[in-house]
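Asks: Make a model of this:
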Amino acid sequence: MRVKDGNWFTEVCDEAGSAFSLRVTKKLHTERSRYQTIEVYATSHFGNLLVLDGFVMLSARDNFVYHEMMSHPAMYTHPHPKRVLVIGGGDCGCLGEVLKHSEVIAAELVELDERVTRVSERFFPELCAANDDPRASLHFTDGVEWVARADPDAYDVIIVDSTDPIGQTARLFQAPFYVSCRRALGDAGVLIVQSESPLIHTELIHSIRAEMGNAGFQRMSTLYFPQCTYPSGWWSATLAGGQRAHTEFREPQAREKSFATRYYNADIHRAALAQPNFMQAL
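Replies: You can find the predicted model right below:
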């Protein structure tokens, strides 16, 4: 990452030999939490920008695509999602999308770094508007340990809204964590994890799905969607579950949903399940 002459924020993706830049108008916030450096910039065209350790986490302009695709496909894949766990996602965007579903009776967010949430409440209040919903509870602790201690069948849906698999976060991409998730989910339970760029991180997606299989998940599906502020501009999320095929999502309910979304709809959901030819081996 670098900000040149105070005018541009640039994230360099070395493994792709590429970079992405946004014009910066002002640095709004910077701090070093116990875990990472948290920065917020105002940009000329993408609104506020949240950066962790030099990596773009979200912009006000385009985060809705990611948050909706990390939430609603999993919610509509489960037949009756009442108990939901979000691991990571300290900006609370996924939590807010989950709480749009009226059948949810409890939604827990487990985020390691409380400061990410507090900074988001200040600079991205629209993402945190549902934090006071009586169905929501926020816990600031280790997500891997939380799931390992969870009761069997504690959740219907688990959403892993993680950063890149670097350092401690790498545990969220490995079989022992997925074993804990499988135990914490009911037989109809659905797990969804962010699985990086299909163009740049193809091998990681293969690894994620292999580790999920090793953990006892019988069905995996990777969904694809645009995300212009992430490397390559093309992102993915991977679903895992039991015997129910993910193509059997509750399409009529998705078409008739009672809440507003900006990107997600039933046709987008079905289209996102289509596999590019170079990913057909999955």
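Asks: what helix or strand does residue 28 sit in?
Replies: Element membership for residue 28 (DSSP states H and E) is strand 18-32.
Asks: Dump that strand to PDB, restricted to CA.
Replies: The C-alpha trace of strand 18-32 is given here as PDB (Å, rounded to 0.1, in the frame of the first residue of the first chain):
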ATOM      1  CA  SER A  18      -1.400  -5.700 -10.400                       C
ATOM      2  CA  ALA A  19      -2.500  -2.700  -8.300                       C
ATOM      3  CA  PHE A  20      -5.700  -0.900  -7.600                       C
ATOM      4  CA  SER A  21      -6.000   2.800  -6.700                       C
ATOM      5  CA  LEU A  22      -8.600   5.200  -5.400                       C
ATOM      6  CA  ARG A  23      -8.300   9.000  -5.300                       C
ATOM      7  CA  VAL A  24      -8.000  10.100  -1.700                       C
ATOM      8  CA  THR A  25      -9.300  13.500  -0.500                       C
ATOM      9  CA  LYS A  26      -8.500  13.100   3.200                       C
ATOM     10  CA  LYS A  27      -7.300  10.700   5.800                       C
ATOM     11  CA  LEU A  28     -10.100  10.500   8.300                       C
ATOM     12  CA  HIS A  29      -8.700   8.100  10.900                       C
ATOM     13  CA  THR A  30      -5.700   6.000  11.800                       C
ATOM     14  CA  GLU A  31      -4.900   3.900  14.800                       C
ATOM     15  CA  ARG A  32      -3.000   0.800  15.800                       C
END
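Asks: Which strands and helices lie in contact with it?
Replies: On a contact count with 3 or more C-beta pairs under 8 Å, 6 or more residues apart in numbering; DSSP states H and E, strand 18-32 meets strand 8-13, strand 37-43, strand 48-52, helix 114-123. Where C-beta positions appear, they are placed from N, C-alpha and C, glycine not excepted.
Asks: so can I have a markdown table of those showing mean pLDDT, distance to residue 234 and mean neighbour count?
Replies: Below are the helices and strands packed on strand 18-32 laid out as a markdown table (pLDDT from 0 to 100; distance: least, C-beta to C-beta, whole Å; neighbours: other C-beta atoms under 10 Å):
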| stretch | mean pLDDT | distance to residue 234 | mean neighbour count |
| --- | --- | --- | --- |
| strand 8-13 | 94 | 12 | 16 |
| strand 37-43 | 98 | 21 | 20 |
| strand 48-52 | 97 | 20 | 22 |
| helix 114-123 | 98 | 25 | 19 |
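Asks: Would you reformat these as JSON lines and include distance to residue 66?
Replies: As requested, the helices and strands packed on strand 18-32 are arranged in JSON lines below (distance: least, C-beta to C-beta, whole Å):
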{"stretch": "strand 8-13", "distance to residue 66": "15"}
{"stretch": "strand 37-43", "distance to residue 66": "17"}
{"stretch": "strand 48-52", "distance to residue 66": "12"}
{"stretch": "helix 114-123", "distance to residue 66": "14"}
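Asks: Can you say which of the ones you listed is nearest to residue 185?
Replies: Among the helices and strands packed on strand 18-32, helix 114-123 comes nearest to residue 185, with 24.6 Å by C-beta to C-beta.
Asks: quick one: whichever helix or strand comes after the closest one to chain centroid distance?
Replies: Downstream of helix 114-123, the next assigned helix or strand under DSSP H and E is strand 136-139. Remark: strand 136-139 is offset 17 Å from the chain centroid, using C-alpha atoms, centre = their mean, to the nearest Å.
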